[in-house]
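Participant: Sequence plus the predicted model coming up.
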Amino acid sequence: MTIQPFTFNPLGVNCYVVQSGDGYATVIDCSCSSESEWEQLRNYFAIDSLDIIHLLNTHLHFDHVWGNGYFYRDFHEKSRALAADHTLYDNIDLQIQSVMGMKIAHPPFPQLGSPLQDGEKLHFGVDSLTVIPTPGHSPGSACFYCESQGVLFSGDTLFRGSCGRTDLEGGNMDDMMKSLKVLSALPNDTKVYCGHGPQTTIGFEKQYNPYLIEAMRR
């Protein structure tokens, strides 16, 4: 498995292109907010002749879905996310304006694809990702876990030394603690690719992340 990160938009969201050994790929959090950022991503697909099987969102805050319109315009692929976040997607422009303080032009956001399901296995080539619901940052936050490769894509649930904020609409700290406890049960050597910031491991977070440590105590 090859994992290529891109960091896009003013809020620095990590977009991941996850490629299996046989040329199939999944894109997680297509967050590009401009034509130039989208061109970087699209050119990467072309250089490696990738066959994109899945477009996924860890959650539906605007900064993580900003590129969905570009993707649909050029590839006619709809993103999938947990149903509990779908109402957030209906108010993307309001989200953008409230956080950024202005309207920002973008291609129309397409309808979402079928909702992800708890425990669903998303196959692409020889690899697959398992859906783990992790509410807390938002009601429909999810992580994607590849057990065979020991890799977790944590979105805004788990960061290096921290976790996602819970003071936004639909956020809940009790839910976040429960979700972090679920993640703490993964093997210590699990590599964590976060929605913002650097990579980490479950073992490192269990030693040094105060939120994960607190979650394990509960």
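Facilitator: Perfect, I can see it now.

Participant: Show me where this protein has its strands.
Facilitator: Applying DSSP state E to the chain gives strands spanning 2-8, 13-19, 24-28, 51-56, 121-124, 127-133, 142-146, 151-155, 158-159, 162-163, 191-194, 200-201.

Participant: and the fifth one, average pLDDT?
Facilitator: Strand 121-124 comes out with an average pLDDT of 97.

Participant: Offset the numbering so it begins at 147, please.
Facilitator: Noted, 147 is the first residue going forward, which turns the last one into strand 267-270.

Participant: next one: it to chain centre, how far?
Facilitator: Distance of strand 267-270 from its chain centroid, counting by CA atoms, centre = their mean, to the nearest Å, is 15 Å.

Participant: Need the contact partners of that strand.
Facilitator: Strand 267-270 is contacted by residues 164, 166, 170-172, 199-200, 202, 274-277, 290 when judged by CB atoms under 8 Å, 6 or more residues apart in numbering. (Each C-beta comes from the backbone N, C-alpha and C, glycine too.)

Participant: now these as CSV including pLDDT?
Facilitator: Output for the contacts of strand 267-270, formatted as CSV (pLDDT from 0 to 100):
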residue, pLDDT
164, 98
166, 94
170, 95
171, 97
172, 98
199, 95
200, 97
202, 98
274, 97
275, 98
276, 98
277, 98
290, 98
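
Participant: can you redo those as JSON lines with neighbour count and distance to residue 299?
Facilitator: Shown next, in JSON lines, are the contacts of strand 267-270 (neighbours: other CB atoms under 10 Å; distance: CB to CB, whole Å):
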{"residue": "164", "neighbour count": "27", "distance to residue 299": "8"}
{"residue": "166", "neighbour count": "21", "distance to residue 299": "15"}
{"residue": "170", "neighbour count": "18", "distance to residue 299": "16"}
{"residue": "171", "neighbour count": "23", "distance to residue 299": "13"}
{"residue": "172", "neighbour count": "25", "distance to residue 299": "9"}
{"residue": "199", "neighbour count": "17", "distance to residue 299": "15"}
{"residue": "200", "neighbour count": "21", "distance to residue 299": "12"}
{"residue": "202", "neighbour count": "23", "distance to residue 299": "8"}
{"residue": "274", "neighbour count": "19", "distance to residue 299": "13"}
{"residue": "275", "neighbour count": "24", "distance to residue 299": "7"}
{"residue": "276", "neighbour count": "15", "distance to residue 299": "11"}
{"residue": "277", "neighbour count": "20", "distance to residue 299": "11"}
{"residue": "290", "neighbour count": "25", "distance to residue 299": "4"}
